[in-house]
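below is the sequence, then the predicted model.
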Amino acid sequence: MIQTRYPSGVSGGDESAGAAYNIMSKDPAFLLYYQDFWFGTKRFNNEQVGAYIRLLIEQADNYSLSVSDIQGVCSLELWDTLKHKFDKDSEGKFYNKRLRKEKQRREEYSKSRSVNRSKSKVKTKKHMKTYDKHMEDENENEIENRKESFKTLVFGFNKVYSGYVLNNFFDYWTEPNRSRSKMRFEMEKTWELSRRLKTWANRSRDFGKSVDAQKPIEPCPAVDHDADGTELRCRKIKGHTGPHDWHRANKDPAQIKDFNEIASKLTK
């Protein structure tokens, strides 16, 4: 159960004083990046998701989780499936690193805004520029967080596909749009990671085949003529090295007098 913790001098029985303290000292919200949360809890069942949300709220209210805090939310068996989401501090309490980071960022931003306003009156235009820059930073941080979550999912298939395949797949699908608000894979109408990886790996294998094996062999395009004007063509394939292997284009035996002699002269 979430309990409001009052400082010394504020009685828990004094509801008005407690409420005033709670409103003034605590930020009542934290950012929840729904795509990150969805990726991070994709393999959770509904009971695990519900307990996880309640543990995050408990941490947001109390800064960290004691054993009794955890016991008030879920059973030991359920905690065993969720504890990998939390770190342990020097006092033996648990906390979600991402949530603590987001709370600290939000608090630091609020403090900086408060300090700026107390020093001088901020003009509307300057205020809007500050806000816009803040939102740009928020978008950049948000897409980087989602990128890291996506990377974890992709490289979870490292026992199935090579690092070369996974790296190329990750680099391609995390290319951001112009506004840097979404990545390529987020703009797809349908998406199933395992199927996409399978298709990507198959195409990578096809691409790795020899180009010569995929295309028909082309003859050398070189053309020459002998002394009597008969056209000569090379017997070798396109792109060969070394001298040409000439033969007469017109293969009528009556017109071939001494091919070897002509060829030896032309190749000197």
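Received, thanks.

the helices in this structure, which residues?
Remark: helices assigned in the chain by DSSP state H are 15-25, 34-40, 46-62, 67-71, 76-82, 97-119, 124-154, 163-173, 193-207, 211-214, 259-266.

quick one: the spatially closest residue to residue 39 that is not a sequence neighbour from residue 188, how far?
Take residue 39 and drop its neighbours on the chain: the residue closest to it by C-beta to C-beta, 6 or more residues apart in numbering is residue 149, 4.3 Å away. C-beta: built from backbone N, CA, C; applies to glycine. Noted for residue 149: a distance of 16 Å to residue 188, by C-beta to C-beta, to the nearest Å.

so these two - more neighbours on which side?
Remark: of residue 149 and residue 188, residue 149 carries more neighbours, 19 against 11, as counted by other C-beta atoms under 10 Å.

isn't residue 56 up against residue 96?
Yes. With contact defined as C-beta atoms under 8 Å, residue 56 counts as touching residue 96 (6.0 Å).

tell me the confidence at residue 191?
Residue 191 is assigned 93 on the pLDDT scale.

ok, the closest residue to residue 56 other than its chain neighbours to residue 60 distance?
Using C-beta to C-beta, 6+ apart and skipping residues adjacent in sequence, the residue nearest residue 56 is residue 99, 5.5 Å away. Counting by C-beta to C-beta, the gap from residue 99 to residue 60 is 7 Å.

so what sits against both of these two?
The contact sets of residue 99 and residue 60 overlap at residue 30 (C-beta atoms under 8 Å, 6 or more residues apart in numbering).

circling back to that earlier point, tell me which residues touch the residue nearest to residue 56, please.
Going by C-beta under 8 Å, 6+ apart, residue 99 touches 30, 56, 59-60.

tell me how far it lies from residue 73.
From residue 99 to residue 73 the distance is 15 Å (C-beta to C-beta).

and residue 162, by the same measure?
Following C-beta to C-beta, the distance that separates residue 162 from residue 73 is 42 Å.

then residue 52?
Distance from residue 52 to residue 73, by C-beta to C-beta: 9 Å.

equivalent analysis for residue 150, please.
For residue 150, the distance to residue 73 equals 29 Å [C-beta to C-beta].

ok, residue 119 next?
Distance of residue 119 to residue 73, given as C-beta to C-beta: 43 Å.

more neighbours: those two, which one.
Set side by side, residue 119 and residue 73 show more neighbours around residue 73, with 20 against 8, by other C-beta under 10 Å.

wait, that one touches residue 51, no?
Yes. Using C-beta under 8 Å, residue 73 is in contact with residue 51, at 6.0 Å.

any common contacting residues for the two?
Contacts common to residue 73 and residue 51, judged by C-beta under 8 Å, 6+ apart, are absent.

what's stretch 77-90 in contact with?
Applying C-beta under 8 Å, 6+ apart, the contact partners of stretch 77-90 are 40, 44, 47-48, 51-52, 55, 64-65, 70, 74, 94-97.

follow-up on the earlier one: how about TSV for the contacts of residue 99, with pLDDT, distance to residue 85 and neighbour count added?
Shown next, in TSV, are those (pLDDT from 0 to 100; distance: C-beta to C-beta, whole Å; neighbours: other C-beta atoms under 10 Å):
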residue	pLDDT	distance to residue 85	neighbour count
30	81	15	15
56	93	9	20
59	89	11	21
60	88	14	19
